[in-house]
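>>> Below are the sequence and a predicted model; questions follow.
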Amino acid sequence: MNQIKCIFFDLGWTLLEPCSGDWNLNQKFYELFPREKISRLDQNVWQHAYNTAYLPFIENPKMTSEQEQIERYTRFYLTLFDQAKLDGTFQHAVKLAVDMVENLATMNLMPSSLETLQSLKDAGYRIELFLIHGHILKNVSMHSN
């Protein structure tokens, strides 16, 4: 084995991808607002609404707790509802935010992810997996004892 002792992977778009194709609009969102309904919106209005709702994450991406994530995503969805003229409620926004933050099942493994990780682990490498889920870094270690 060479000098490499550990390999770090960011899970998003490296090992995992969102089931819905969008990190912020998961299956629960599309259950409430089907894609057909979204596609009937004026796409300039929709894009402006999405960008406006997402802007706080760009301006201040750091969040330090899951509660803060839920609060920020609740505001994201409320802003999106308002700007895109969707009939979402505060309860919808909270439900979507909680699902966004707590439900990692909204992601799929990309093809060959597990096989690649297992091959590297079997070769003696320590594997560190990082997920910036809702902008909070979560770490999972894979290493032999």
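Looks like it arrived, so ask away.

>>> Quick check: bridge partners of the closest residue to residue 23 other than its chain neighbours?
Distances taken as C-beta to C-beta, 6 or more residues apart in numbering place residue 12 nearest to residue 23, at 7.3 Å, with adjacent residues excluded. (Each C-beta comes from the backbone N, C-alpha and C, glycine too.) According to DSSP bridges, the partner residues bridging residue 12 are residue 16.

>>> what does the model give residue 12 for pLDDT?
Residue 12 is assigned 72 on the pLDDT scale.

>>> Next, count neighbours for it.
Burial measure for residue 12: 15 neighbouring residues, criterion other C-beta atoms under 10 Å.

>>> State the distance from the residue nearest the centre of the chain to residue 30.
Centrality entry for the chain: nearest residue to the mean C-alpha point is residue 23, 3.9 Å, by C-alpha atoms, centre = their mean. Distance of residue 23 to residue 30, given as C-beta to C-beta, to the nearest Å: 13 Å.

>>> Give the residues shared as contacts by the two.
Common contact partners of residue 23 and residue 30 (C-beta atoms under 8 Å, 6 or more residues apart in numbering): none.

>>> re earlier: and the residue nearest to the centre of the chain, that one's in a helix?
No - the assignment for residue 23, made by DSSP: H, G, I helix; E, B strand; the rest coil, is coil rather than a helix.

>>> Report the next helix or strand after the biggest helix by length in the chain in sequence order.
The helix that spans the most residues within the chain, counting by DSSP state H, is helix 66-84. Beyond helix 66-84 on the C-terminal side, the first helix or strand identified by DSSP states H and E is helix 90-102.

>>> What are the buried residues along that next one?
92-101 (16 or more other C-beta atoms under 10 Å).

>>> thinking in terms of the whole chain, how far from its middle is the very next helix or strand once past it?
Counting by DSSP H and E, the element after helix 90-102 in chain order, helix or strand, is strand 107-109. Centroid separation for strand 107-109 versus its chain: 11 Å, with C-alpha atoms, centre = their mean, to the nearest Å.

>>> ok, strand 107-109: who's next to it in the sheet?
Counting by DSSP bridges, the strands paired with strand 107-109 are strand 16-18 (antiparallel).
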